[in-house]
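Q: Coordinates only, no sequence provided:
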């Protein structure tokens, strides 16, 4: 379902909750607090998002399974980028090729 995680789709869900699903039945919520500007070139699109989670749960860098009420389930590579009174912050970077007219996918 990650193909539907476009900049436009994510922008409508700023400040919404995503559930991080861990091994077993453990999970906790993170909040989408920032979405960078979409940078486009003729062959590439780039943007990043910042999620913040609780201060008592730390995720090391790695692929995590997330779930969102409207966007569904998907795996994303999260990188911890900081901690403050709100909790731990994580960044997700999207850097993908743009489908060109007349090319096969």
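A: Here it is on my side, so go on. Owing to the predicted nature of the structure, the values given are computational and were not obtained by experimental measurement.
Q: Need the nearest residue in space to residue 86, chain neighbours excluded.
A: Using C-beta to C-beta, 6 or more residues apart in numbering and skipping residues adjacent in sequence, the residue nearest residue 86 is residue 52, 5.4 Å away. (C-beta placed from N, C-alpha, C; glycine too.)
Q: my bad, residue 65
A: The shortest distance from residue 65 to any residue other than its chain neighbours is 4.5 Å, reached at residue 21 (C-beta to C-beta, 6+ apart).
Q: Verify the stated contact: that neighbour with residue 27.
A: Yes: checked against C-beta atoms under 8 Å, the pair residue 21 and residue 27 is within contact range at 4.9 Å.
Q: more neighbours, the two?
A: Neighbours were counted for residue 21 and for residue 27 using other C-beta atoms under 10 Å; residue 21 has more, 16 against 13.
Q: Now do stretch 79-95: everything it contacts.
A: Counting contacts by C-beta atoms under 8 Å, 6 or more residues apart in numbering, the residues outside stretch 79-95 that touch it are 5, 7, 30, 33, 44-55, 57-61, 76-78.
Q: list the buried ones in that stretch?
A: Buried positions in stretch 79-95, judged by neighbour count with 16 or more other C-beta atoms under 10 Å: 87, 88, 89, 90, 91, 92, 94.
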